[in-house]
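> Below are the sequence and a predicted model; questions follow.
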Amino acid sequence: MNCELLATCSALGYLEGDSYHKEPDCLESVKDLIRYLRHEDDTRDVRQQLGDSQIVQNDLLPIIVQYRQDKTLFDACIRLMVNLTQPAMLCFGKIPDDPVFRQHYMQVTSHLQAYKEAFASEKVFGILSETLYNLLQLDWEQRQDEDNLLIERILLLVRNVLHVPADPCEEKKVDDDASVHDRVLWAVHMSGFDDLVKFLASAQSEQQWSMHVLEIISLMFRDQTPEVLVSAGHARSAEEKKRDAEELEALRQKEQAERRSRTLQRGTRHSRFGGSFVVQGLKAIGEKDVIYHRNLNNFKHYTHDLGKAVRRVPKRNRQAQDCRDKRRSALNVRLFLREFCVDFLENCYNRLMYLVKESLIREQTQQHDETYYLWALSFFMAFNRDNGFRADLVSETMSIRTFHFIERNITNYYEMLLTDRKEATSWSRRMHLALKAYQELLLTVNEMDRSADEGIRQSSNVIKSNIFYLTEYREIFLTLLRKYDETKQPLSYLKDLVESTHLFLRMLERFCKGRKNLIVQRKKVKRRKSQAKKKQPAQETSPEVLEETWKAVEEELRATEFQLSASLTESIVPFDAASETPLEEQRTEAMVRVQDALLARLGPEALALLRAAREVWPDGDVFGSSDVEPEEELDLLKQIFQANLPRPPPETVAEDDDEGAELEEEELESVQLSEKEFNILDLIKRFANPGIVRSYLLLLKSYSTNTPHTNHCVARMLHRLAVDLKMDALLFQLSVFHLFNKILSDPAADAYKELVTFAKFVLKRFFAVAAQNNKAYVELLFWKNVGAVHEMTEGYTKDGCGKKPSWTEEEEEELRRLYMEHLDSEVPDIVETVIQLLSNSNRTRRQVVTQLVHMGLVDSAKELKKQKKGTRIVLWTEEQELELQMLFEEFKDSDDVLGSIMKKLTAKRSRARVVDKLLSMGLVSERRQLHKKRSRGKSSGKSSGKSMTEEDFLAELTQGRPDEDSEDETDDDSEEDENEREIPQPVRKRRQDFNLTAESRADIRSMAIALLQEGLSGPLLWLQRSLNKTAMDRRDDCPSQPVPLATFSEANEDAMENRNFLKLLSKLGIRPPENEQETFWRIPENISKSQLLSAAAALTPAEGEPEHSEEQQGPRESLEEPHDRAEGEEEEDEEVSSEQRAQALRALLLARSRKSHSAEDAGTDGGVILDSV
């Protein structure tokens, strides 16, 4: 022992006989011990050394007995004992896994058990009771904070002492013998402390101690059962005598059968030679028969497993163990506890349970304190039910709120059981406790049905109507049986679950029997198919109708001069503040509402909604800037009108028990409640599940140790499935038959008549099925679901009810022909095209896709998924904004900030979108900060001369460009400049043959017409203009460069994501980006001016148009619409300035090229390569 601790303990005093003599500095020594305990290490060394010195037995308890008048010393000793008796689980946090810490844990526990034995003294509890009584006599005005603190410490000390577990090695007591816990309880009773506990539970002024009182009461009844306490002091009833006689008779029959079996195993005469026998038909390891070297009497127990080592079961797969068995206390203790229960129910139960429930709901308690509430509910309600049931004594806990509270806790415990695997045992025990409470509620409701009081029976009907009506209460046992895991939940939990299910179904059957129809709640789940068919009016309406609609809207708005009435402005609300939909999604919905108003030709409403949405979502200028002009508002409305906005798909309603196997993914949308007429067979059918049947049979394996009621519950459920539902084939399994054989061959089979009768019925049914189905014996190896049961009994080739309609040979041939005809066509969705042409119009998309896969025309259903079309309005989520901000912080010092962000961005977006988002988030102040930095070589020093260099001239030329153009052009210029400096090689033109034949022109026209029908007239016009403009810039005497198709508008960006549009680009000879440095598609340098003009002419959808040659063909703009020509003078000025800059750049390039020609070889063609935009 530590010398300081030893000196401190010696300074307390000494015990001489029955009197204790304290030292002068006893109080200071007690305070020093408290200080030592505060600084002990993880091994709890101070606590162990004080336990070894028996300080509680020899010092602290004698001090509080003899010096209780010294209030300061008494308080300090109580405080020290509260610390020393703290449970070992709280000291170490959990039961340690480390062997060293486990030893320390066991040592602390042994000291606590010694402390508990020392507290089993009437004198000690008499002092505590007297002190507590005197404190409770004080009024609230007279009671000080120190008094309340001492009351709490006394209650905590008693709780800690009662919490100490029993030592099974030391307490080898039989029933009706007094254990240490019984002796402590008797000391509590003799000192009157139990009366103080009841006073604290019932007094209105002492409600702050309600949780402490409930903990003490639960620990007092820790080893007791309500049935044993109710029967204490009473003679056995006739029913109990009959039950005991049946148990004794079953044991006697079993013993006699075993005695007869042993007698038959002995030979008729003694033989010192056992003999050797050949077992014909039973093969050994080789080809020969088994040779048996023992007496024939034991041959029936022979197996090949004899002599083999028992396979060790992994710890994670072992069956969960039950808690220790309950023991019966001494009679005087049981009588005292019985009287305590009676007084507690009459005076304290309802009030105390109300206070504890309120504290739990308001979360004013510690973690897991609800377990004491659940225990008290199940224990005292069971005691009340067995001890002359009175509904008024437990009225506080007989309500729908209590059912809901317990159901919510069961769900929470199960979720924690799955997530917190290290503490799975603790969560399983809590879940079992909640199940017991739920079972007791049902038993009490069932008892209320038998009451002679009409009011109580009506209250019972009200409660049953609610629990049978709501889905959560009606299906809780079904869910728990499906989720049962024998490795985490013990067999006692399964026993209570099976008995509770039996009770619930029996109550439900009786409730339905007296009613013609029962209306219950049904849950419907709205599911949204991710590949569902979308109905979008912008795509289904022809371009001509859309053009007329826009003209009408434009005329209406211009006629009103963009002025709106005050009533219309006030009535428009762009979003719902009370809705659970996020604001980002409501912003998209607001755009859809604007588009719907435009399609309905309600121009003022659309404009009012646009302006209202601009005030709600000003960031990003999605609905325009705050100082937008009316003409700009009109252009913005036109963009929204022509946009392909994301619309919510049609919702399909599916019930909970729908088939789960679907080709298309479904995501949960919302739960919709409805009502339906209840049929109890529909509920029982859901128990026809192999997982549930396995759980019942697992409990049936312990039939010999089960109570007769438990075996009856199992047999009744199996009878419902096999007889009522005619699904006896669910039990056609080899392990089930092995169990039935064990029951039938049991010597005490007369005690299990119900199980024997049921086993014979199932075996008879199996052999009847086996006579018709020669595969029945193979089916014994597998557990079967409902579909397999139907196939086994009705035949494997017979179509069951509810299956999808089959395809005839003619329908299959028609499907094959239509699919092959449209396989190489350019239709957007081949499945939709085939469905429209099928003779059977009732075929769904899923049936067609499934049949195509079955016929081998496609390898997987994924090949026929619908194409997701991009949207013109792209919204950013909070996660995407955070990702963009993190990427910007990571690459802000790199040479190519925007390029690095584009590579790492999870949600792929266009460069323009990323730039706009960076500006709106305030990460950059201008677009120029995102331009790719030029990497200057050794020649950069020359640029610091007096005159301006060519690079500065180039930079100055590009500074005046608009932001949208300069962004991509500067990036491309810098990329070409870097490539030129790194590899000073001449650029060799890749000349390839590119000729448009008449056939290819027809294909291009057909593809253009298809794209026009999809609403891509704007991108087609942009493509035609780009081809014409590039053709006018091409010169035969100058080397050509690839020209990028820069997409500066949202419509063009969306078109570049369209698969059909990209096919058209490939058909025209336009090449995709070759590496990560390129972003846009490019018009190759090997296409001549005449070929470009011919390709542009081929985009004209007019039929029969003559081919144009180079001389006849100018820049065509045949696809222009009237509204496209009226784009404004600003765009024309912008194009003119762009042309002037391009010409200046070309002149500079030619000059540099001539310089390099004079300095290098004649074949070298140097210069800076610059894309023309």
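Thanks, I have it.

> what bits of the stretch 51-200 of the chain have low per-residue confidence?
Along the stretch 51-200 of the chain, segments meeting pLDDT under 70 span 170-175.

> all helices of it, in order?
With DSSP state H, counting those that start in this stretch as the definition, the stretch 51-200 of the chain shows helices at residue ranges 55, 61-66, 71-84, 88-92, 99-119, 122-137, 145-163, 180-191, 193-202.

> looking at those helices, which is closest to Lys422?
For those, proximity to Lys422 was assessed by Cβ to Cβ; helix 88-92 is nearest, at 14.5 Å. Using the backbone N, CA and C atoms, a C-beta is placed for each residue, glycine as well.

> residues making contact with the closest one?
Helix 88-92 is contacted by residues Arg44, Arg47, Ile95, Phe101, His104, Tyr105, Val108, Thr109, Leu112 when judged by Cβ atoms under 8 Å, 6 or more residues apart in numbering.

> Check Lys1155 and give its pLDDT.
Lys1155 is assigned a pLDDT of 48 by the prediction.

> correction: Pro537
At Pro537 the predicted local distance difference test score is 39.

> secondary structure element for Leu6?
In the assignment (DSSP states H and E), Leu6 maps to helix 3-10.

> Point out the other helices and strands that the helix or strand following that helix packs with.
Along the chain past helix 3-10, the next helix or strand (assigned with DSSP H and E) turns out to be strand 13-16. With contacts defined as 3 or more Cβ pairs under 8 Å, 6 or more residues apart in numbering; DSSP states H and E, the secondary structure elements packing on strand 13-16 are strand 19-22.

> Just checking: what are the partner strands of the strand it packs on?
Here strand 19-22 is paired, per DSSP bridges, with strand 13-16 (antiparallel).

> Please state the mean pLDDT value computed over the strand it pairs with.
Per-residue pLDDT values over strand 13-16 give a mean of 87.

> buried ones in that strand?
Gly13, Leu15 (16 or more other Cβ atoms under 10 Å).

> Likewise for stretch 885-899?
Residues of stretch 885-899 classed as buried under the neighbour-count rule (16+ other Cβ under 10 Å) are Leu887, Phe888, Phe891, Asp896, Val897, Leu898, Gly899.

> between the contacts of helix 88-92, which has the most around it?
Neighbour counts for the contacts of helix 88-92 (other Cβ atoms under 10 Å) peak at Leu112, which has 25 neighbours.

> ok, now which ones touch the residue nearest to that one when sequence neighbours are not counted?
In this structure, Leu112 finds its nearest non-sequential neighbour in Val164, 4.6 Å apart by Cβ to Cβ, 6 or more residues apart in numbering. Taking Cβ under 8 Å, 6+ apart as the contact definition, Val164 lies against Thr85, Pro87, Thr109, Leu112, Gln113, Tyr115, Lys116.

> same deal with Val65?
Residues in contact with Val65 (Cβ under 8 Å, 6+ apart) are Tyr20, Lys123, Val124, Ile127.

> Only whichever of these are buried, select them in ChimeraX.
Isolation of the buried members of the contacts of Val65 (16+ other Cβ under 10 Å) is achieved in ChimeraX through the command below:
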select :20,124,127
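
> coming back round to it: dump the helices of the stretch 51-200 of the chain to TSV, plus distance to Leu599.
Listed next are those as TSV, based on distance: least, Cβ to Cβ, whole Å:
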stretch	distance to Leu599
helix 55	88
helix 61-66	88
helix 71-84	76
helix 88-92	69
helix 99-119	73
helix 122-137	78
helix 145-163	72
helix 180-191	80
helix 193-202	70
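
> To Leu296, which of those helices lies closest?
Using Cβ to Cβ as the criterion, the shortest distance between Leu296 and the helices of the stretch 51-200 of the chain is 51.0 Å, found for helix 99-119.

> Only alpha carbons, please: show that closest one as CSV.
Taking Å, rounded to 0.1, in the frame of the first residue of the first chain, the C-alpha atoms of helix 99-119 are listed here in CSV:
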residue,chain,number,x,y,z
PRO,A,99,-6.5,-9.0,-19.5
VAL,A,100,-4.6,-6.7,-17.1
PHE,A,101,-7.4,-4.1,-16.9
ARG,A,102,-9.9,-7.0,-16.6
GLN,A,103,-8.1,-8.2,-13.5
HIS,A,104,-8.3,-4.7,-12.0
TYR,A,105,-12.0,-4.6,-12.9
MET,A,106,-12.6,-7.9,-11.1
GLN,A,107,-10.6,-6.7,-8.1
VAL,A,108,-12.7,-3.5,-7.8
THR,A,109,-15.9,-5.6,-8.1
SER,A,110,-14.7,-7.9,-5.3
HIS,A,111,-14.2,-4.9,-3.0
LEU,A,112,-17.7,-3.7,-3.8
GLN,A,113,-19.1,-7.0,-2.9
ALA,A,114,-17.3,-6.8,0.5
TYR,A,115,-18.7,-3.3,1.0
LYS,A,116,-22.2,-4.6,0.3
GLU,A,117,-21.9,-7.3,2.9
ALA,A,118,-20.8,-4.7,5.5
PHE,A,119,-23.8,-2.5,4.7
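
> quick one: it to helix 145-163, angle?
110 degrees (axes from the mean of the first three to the mean of the last three Cα atoms, to 10 degrees).

> so who does Ser191 touch?
Glu122, Phe125, Gly126, Leu128, Ser129.

> still on that earlier bit, next one: the helix holding Leu6 to chain centre, how far?
On the basis of Cα atoms, centre = their mean, to the nearest Å, the separation between the geometric centre of helix 3-10 and that of its chain is 57 Å.

> Is it possible to mark the buried ones in the contacts of Ser191?
Here the buried ones among the contacts of Ser191, as counted with 16+ other Cβ under 10 Å, turn out to be Phe125, Gly126, Leu128, Ser129.

> give the contact list for Val808.
Small correction: residue 808 is Thr, not Val. For Thr808, the set of contacting residues under the criterion of Cβ under 8 Å, 6+ apart is empty.

> change the start of the numbering to 51 and stick with it
I'll keep to 51 as the first residue from here, and by that count the last item is Thr858.

> Distance of it relative to Glu1064?
Counting by Cβ to Cβ, to the nearest Å, the separation of Thr858 from Glu1064 is 35 Å.

> Also Arg471?
From Arg471 across to Glu1064, the span is 53 Å (Cβ to Cβ).

> The two: who's more crowded?
More crowded of Arg471 and Glu1064, by other Cβ under 10 Å: Glu1064, with 18 against 11.

> any chance of the contacts of Val214 in TSV, with distance to Arg977 too?
Formatted as TSV, these follow (distance: Cβ to Cβ, whole Å):
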residue	distance to Arg977
Thr135	73
Pro137	67
Thr159	72
Leu162	73
Gln163	78
Tyr165	77
Lys166	78
